[in-house]
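J.: okay, here's the prediction I keep looking at, along with the sequence it came from:
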Amino acid sequence: MQPTEPLDPESIVPVIMCGGSGTRLWPLSRKALPKQFVPLVQGKSLLQLTLERAALLGKQPLIVAGEDHRFLVQECAISAEVHPTILLEPMARNTAAAMAAAALNAPANALLLFLPADHHIPDSAAFAATIRAGVKAAQSGLIVTFGVQPTSPSTAYGYIQQGTVLDGLGQAHAVQRFVEKPDATRAQAMLLEGGYFWNAGIFLIRASVLLAALQTHAPDILASCRQAVAGQIADGEFRRLDASAFGACRSESIDFALMEKAGNVAVLPFAAAWSDVGSWNAVAELSEADSQGNRIYGQGHVLNASRTYIHAPHRPVVALGTANLLIIDTADALLVADAAQAEQVKAVVAQLEAQGVSQAQHHRRVARPWGAYDSVDAGARFQVKRIVVKPGARLSLQKHHHRAEHWIVVSGTAEVTNGDKVILLSENQSTYIPLGQVHRLANPGKVPLEIIEVQSGAYLGEDDIVRIEDAYGRLDTPRGSQTQGGNS
């Protein structure tokens, strides 16, 4: 393919791939709150850090995310002080479809930088410099991928073997082949041989080049995505892909669908620190170890322990005489694992899901566009929640068929719509919402509003709600979905 006119590196459009459930980081990461949204590094989420890093290369990113996580994405974008376009997938269809849909939403001449949302790269300047080094190769019509210099014979990553140097394109090499995750013996051999890199899943490619390659190697995926984009609906900063067309798309990774087949793929080395934070061992390495190899986050304590990692943000957790353990404590679930078994956490989650354990997918604390709620206690015919509403935010105007609610204000000011009355409540004041009564909770103040809600009734499921009016466009949300909720 002949190169077109040069593009300034600042014209790169970062495309943040925000799918994935991150089940290997259970119980912190769950389907309702995957790892890219969890504050793992100095109080920031991996998505926020990715957005901040991408801002060095482009001013307005495109984020591809699941419909259920749209408000989590929005909140991370606000924290990162960026204003993205958010492309919403109605269901997961893997990276080939996500990248195709993103390319179809971009100008044909745009250089797209595809970035996973859940990677940790401490040196943002080195990252930006490496990406800029690949611009010339991408402008020439190559698919540019970035290989991480391996520091160990890891079996957790796929590998890229570099081929010949590409003249006039800096450090770019042709890709000899992609290697699936190897066993330990093969990984050690590749490390000793040299010329192999970890496959980080980062790509720089002109939109038109990607679409042409997909037309050649995965035309069915591209056709489904064209239909999904043709039928997509714009909703502010959200673009919703057509669910019927996208749902008919084949689910396949970009590596299988395209990269392993295309002949115009180049690789550039990335030599700085990088982690996909894909296991609890990887998370542990983000903390500094003591003289015995123990790593502590939060309220962890060790005595006569070695090589033990404790994640304890909520309460004291003590490890006595342990070795090679991972101890992950959350408000409603605890994981204790041999560090050598960290890659098997995903299998544990699958087992819990099969047994119907709700903690496999959901946290006790649930984020909402207006704030969050925490399910404090529950029993026969009652449930207690702690609700926090952001300043200026409000829940939907709604009613319930099967439950009544008592609201007690803990702090802040509550504006309560209760039937045909609108009242203001302050600290220590309360109100009662009868079964079937139309109601709404709002925060007219400048500080967060916190209330305790006591629900009582024959059925307390999260799908017992009739929305009458909503500020967040959720009136047509299917009953029982992730974005549904009794407190919404």
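T.: On my side now, so go ahead.
J.: count of neighbours near Pro369?
T.: For Pro369, the neighbour count with other Cβ atoms under 10 Å is 20. Quick note: C-beta positions are derived from backbone N, CA and C, even for glycine.
J.: do Ser430 as well
T.: Ser430 sits with 14 neighbouring residues when counted by other Cβ under 10 Å.
J.: how much space between it and Ile296?
T.: When distance is defined by Cβ to Cβ, to the nearest Å, Ser430 is 41 Å away from Ile296.
J.: what ranges do the helices span in the stretch 101-250 of the chain?
T.: Secondary structure of the stretch 101-250 of the chain (DSSP state H, counting those that start in this stretch): helices at 124-133, 135-139, 184-193, 207-217, 219-230, 243-247.
J.: packing partners for the third one?
T.: Read it as helix 184-193. The contact analysis (3 or more Cβ pairs under 8 Å, 6 or more residues apart in numbering; DSSP states H and E) places helix 184-193 against strand 159-165.
J.: in the strand it packs on, which residues are buried?
T.: By neighbour count on 16 or more other Cβ atoms under 10 Å, the buried set for strand 159-165 is Tyr159, Ile160, Gln161, Gln162.
J.: give me the pLDDT for the second one.
T.: According to the per-residue confidence, Ile160 scores 95 in pLDDT.
J.: name whatever forms a beta bridge with it.
T.: Assessed by DSSP bridges, Ile160 has beta-bridge partners Phe178, Phe197.
J.: ok, back up a step: turn the helices of the stretch 101-250 of the chain into TSV, columns for mean pLDDT.
T.: Output for those, formatted as TSV (pLDDT from 0 to 100):
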stretch	mean pLDDT
helix 124-133	93
helix 135-139	94
helix 184-193	94
helix 207-217	97
helix 219-230	97
helix 243-247	96
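J.: and of these, who's closest to Cys18?
T.: helix 243-247 (15.6 Å; Cβ to Cβ).
J.: and after the closest one, which helix or strand comes next?
T.: For helix 243-247, the following helix or strand on the C-terminal side (DSSP states H and E) is helix 254.
J.: run through who's touching that following helix.
T.: Residues outside helix 254 that contact it (Cβ atoms under 8 Å, 6 or more residues apart in numbering) are Asn94, Thr95, Ala96, Met99, Gly201, Phe203.
J.: so which of these are in strands?
T.: Gly201, Phe203 (DSSP state E).
J.: Phe382: which of the contacts of helix 254 is nearest?
T.: Using Cβ to Cβ, these come closest to Phe382 at Asn94, 42.3 Å.
J.: so Gly419 sits right up against Val438, yeah?
T.: Yes - the criterion here is Cβ atoms under 8 Å, and Gly419 meets it with Val438 at 6.2 Å.
J.: how deep is the nearest residue to Ala187 once chain neighbours are set aside tucked in, by neighbour count?
T.: Leaving aside its sequence neighbours, Ala187 sits nearest to Pro153 (Cβ to Cβ, 6 or more residues apart in numbering; 3.7 Å). Residues lying near Pro153 (other Cβ under 10 Å) number 17.
J.: re earlier: can you pick the most crowded of the contacts of helix 254?
T.: Counting neighbours by other Cβ under 10 Å, Met99 comes out on top of the contacts of helix 254 with 27 neighbours.
J.: ok, it - contacts?
T.: Neighbouring residues of Met99 by Cβ under 8 Å, 6+ apart: Val15, Met17, Val64, Phe114, Phe203, Leu210, Ile254.
J.: which of these has the largest number of neighbours?
T.: Within the contacts of Met99, neighbour counts (other Cβ under 10 Å) peak at Val15, which reaches 30 neighbours.
J.: on that earlier part again, looking at Gly419 and Val438, which is more packed in?
T.: Counted by other Cβ under 10 Å, Gly419 and Val438 do not tie: Val438 has more neighbours, with 16 against 12.
J.: how near is the more buried one to Ala207?
T.: Shown here: Val438 relative to Ala207, a distance of 48 Å by Cβ to Cβ.
J.: over to Ala117?
T.: Distance of Ala117 to Ala207, given as Cβ to Cβ: 20 Å.
J.: what's the closest of the helices of the stretch 101-250 of the chain to Gly379?
T.: Shortest distance between Gly379 and those, using Cβ to Cβ, is found for helix 243-247: 37.7 Å.
J.: output the below-cut-off pLDDT ranges for the chain.
T.: Where the chain drops to pLDDT under 70, the residues are 1-10, 475-488.
J.: how about a cut-off of 50?
T.: Residues of the chain meeting the criterion pLDDT under 50: 1-10, 476-486.
J.: beta partners of Leu397?
T.: Under DSSP bridges, the beta-bridge partners of Leu397 are Glu469.
J.: just list the residues touching Lys390, thanks.
T.: Here Lys390 is in contact with Trp370, Gly371, Asn443, Pro448 (criterion: Cβ under 8 Å, 6+ apart).
J.: mind putting these in a markdown table, neighbour count included?
T.: As requested, the contacts of Lys390 are exported to a markdown table (neighbours: other Cβ atoms under 10 Å):
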| residue | neighbour count |
| --- | --- |
| Trp370 | 24 |
| Gly371 | 20 |
| Asn443 | 24 |
| Pro448 | 15 |
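J.: got a markdown table for the residues you listed, with secondary structure too?
T.: A markdown table is the format used below for the contacts of Lys390 (DSSP: H, G, I helix; E, B strand; the rest coil):
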| residue | secondary structure |
| --- | --- |
| Trp370 | coil |
| Gly371 | strand |
| Asn443 | coil |
| Pro448 | coil |
